[in-house]
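[1] here's a sequence, model it:
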Amino acid sequence: AFGEDEMSEIESVSYHVQSGTEDAPAGRLTEAELAAMEDWKPFDGLELTPTSRAIVYVRFVDLAGNHTFAASDLLVVENQAPLIETSVISEGQNGFFRSDVKARVTVCDTMVDDIASGIREISYQVFDRGGKSPNQPMQEGVLYWAADTEGVEADKDWSGLITIAASRSHSNTVQLVLYAKDFAGNVADTANVGTAGYLSLSIDITNPVISVTFDEDMPVNGSYYPHKRTATVEVEEENFSEALVSRAISGETKEGQSVVPEISAWKKDGKKHTAIVRFSEDAKYSFGVTCLDLAGNAAKEMFQDFFIIDQTVPTLAILGISEQGFLADSGALGLLYEDEHLDETTVSIHISGARKGSIPLAGHLERTEFGGQYLFDPWEEIPENDDIYQIKAAVADLAGNRQEKTWSFTINRFGSSYMFDEETEKRNGTFAEDAQSVMIRETNASMLSEIQITLFKDQEPIVLKEGEDYRIDIRGGDEDWHEYTYQVFEKNFEDDA
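    Numbers count the residues shown, from 1 in each chain. This is a model prediction of the structure:
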């Protein structure tokens, strides 16, 4: 404050600094004490050194010798910024947080020689440094503010809590910046001063997203596949760890042996992480995948699947047929069909004869572990059953694998049958005046391995020679009866006999 004199000009201005300490602060002097004081210094500017606490008194004297006094408030001079310390009290996981984060903030106005002006204001800002607006605060506020102390000592220490809202700030680049200002105007901020009050946080509230796709995704009969399958497992997650992926994969063969699919290493493409699972062997598979991220967020849905890979065609086998294609002596004929995943509705059996044509099935079915055995009724030993037969069978499994086979066999219990042509039939049993060729037709279900024609003349056997005494025309075979037509030349009948 400055004095004014309406009657006389001011002759001099002087000052006195009354210093103090925290334990013994500078007290107010009375006007009488100021009038009696002799330690006045001419005022030509005043500079108070840092780390001091004082009251400044000014004396004004006019030309008439009158004086008046003015006094400042308690002045605290210091140039040390407050110290800021922060510590997270929320529990995280692997250095990540998946909910609001609470931090304790402690601010201390630095004491130098027991001098500190006290805390005036504390504020904070929260940034997402890796986001689209890295310098735009996502959250901010004032934690503490003190009015003018008016000579009263201000607080030098403050401690409180701050909650960083995960809904506003969730990334791996969250930063908490704190600012503190004392009454001397000294400012501390953790954005520019690398103190313990500067916090970098990773907040992740996003659940991993799992997707599984297969190259073969068209099952047969619900869950059967006739080919190998390859699954692509994709996890979309920024804070991914393959150690936190839970895979429940099992496979079991028909024999009860365990099968482990081939699983590739994980590949990363930004937030996408991919692994390949190859199911190659015939087996029943159970496949499940879920995961957590490093913050502990769990995928909302667990992928689960059960399927069967069957690449093996069913077995079809004929029973009771010799290697030469004849019905076995026992006469027992059967058909075996088997598959682990047999589709009974697809079993088809058809039998036909070269002469008989289509023949109705006659027999019964016996079950086996993985299929059945159809046993035909015994064949009655009558000439009518001699024939060349063909069996066609087909069967499929539930995966769509299909097997078709055809077998041929011969029943030839009564051997060949013989017929004359019309002319020979007319001459048979008669006396002929002239010689003519004789035509005989032999039919047999089997191919003849040896042919011999013997002519009896006057009860003497004569073995005829092919090409010289007779010729043979052969027809049939190849799933048909064998037909042999013999032409015995007329020269063999020229002599009377």
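[2] how near is the residue with the largest distance to the centre of the chain to Pro42?
    Ranked by distance from the centre of the chain (CA atoms, centre = their mean), the top residue is Ala64, with 100.1 Å. Distance of Ala64 to Pro42, computed by CB to CB, to the nearest Å: 19 Å. All C-beta atoms are positioned from the backbone trio N, CA, C, and that covers glycine.
[3] got it, and Ala180?
    Ala180 sits 39 Å away from Pro42, going by CB to CB.
[4] excluding its backbone neighbours, what's nearest the residue farthest from the centre of the chain?
    Ranked by CB to CB, 6 or more residues apart in numbering and with sequence neighbours excluded, the top spatial neighbour of Ala64 is Ser8, at 4.6 Å.
[5] cool, Ser19 as well?
    In space, and not counting its chain neighbours, Ser19 is closest to Ala54: 4.7 Å by CB to CB, 6+ apart.
[6] so that neighbour is in contact with Gln18, correct?
    Yes - if you go by CB atoms under 8 Å, Ala54 and Gln18 touch, sitting 6.1 Å apart.
[7] re the thing from before, go ahead and report the secondary structure state at the residue farthest from the centre of the chain.
    Secondary structure, DSSP: H, G, I helix; E, B strand; the rest coil: Ala64 is coil.
[8] what about it, distance to Tyr15?
    21 Å.
[9] now Gly131
    Distance, Gly131 to Tyr15, using CB to CB: 56 Å.
[10] got it, and Arg413?
    Taken as CB to CB, the span from Arg413 to Tyr15 is 148 Å.
[11] before we move on, what SS does the residue most central in space within the chain have?
    Nearest to the mean C-alpha position of the chain, by CA atoms, centre = their mean, lies Val233 at 2.2 Å. Under the three-state scheme (three-state DSSP), Val233 adopts strand.
[12] all strands for the stretch 301-450 of the chain, in order.
    For the stretch 301-450 of the chain, the strands defined by DSSP state E, counting those that start in this stretch cover 303-309, 315-319, 334-338, 342-353, 357-359, 363-368, 371-376, 387-397, 402-411, 417-420, 438-444.
[13] lowest-confidence stretch among the ones you listed?
    Note on the strands of the stretch 301-450 of the chain: lowest mean pLDDT is at strand 417-420, with a mean of 79.
[14] got a list of contacts for that strand?
    Outside of strand 417-420, the residues within contact range by CB atoms under 8 Å, 6 or more residues apart in numbering are Asn428, Val438, Met439, Ile440, Arg441, Glu442, Thr443, Asn444.
[15] wait, the residue farthest from the centre of the chain touches Ile10, no?
    No - the criterion here is CB under 8 Å, and Ala64 misses it with Ile10 at 10.5 Å.
[16] just for this protein, where's the confidence low?
    Along the chain, segments meeting pLDDT under 70 span 1-7, 20-27, 149-153, 189-198, 324, 328-330, 479, 496-497.
[17] for it, just list every one of the helices.
    Secondary structure of the chain, counting by DSSP state H: helices at 31-36, 422-427.
[18] Glu91: which of these is closest?
    If you check each of the helices of the chain against Glu91 by CB to CB, helix 31-36 wins as the nearest, at 61.3 Å.
[19] can you give me the buried ones in that closest one?
    Leu34 (16 or more other CB atoms under 10 Å).
[20] so which elements touch it?
    strand 67-71 (3 or more CB pairs under 8 Å, 6 or more residues apart in numbering; DSSP states H and E).
[21] and the contacts of the strand it packs on?
    If you take CB under 8 Å, 6+ apart as the criterion, strand 67-71 is touched by 1-3, 28-29, 31, 34-35, 55-61.
[22] list the buried ones in that strand?
    Neighbour-count burial for strand 67-71 [16+ other CB under 10 Å]: His67, Thr68, Phe69, Ala71.
[23] bridged to the third one, which residues?
    The bridge-partner assignment for Phe69, based on DSSP bridges, gives Arg59.
[24] go on, Ile391?
    Ile351, Trp407.
[25] check Asp397 too.
    Leu342.
[26] thank you, goodbye.
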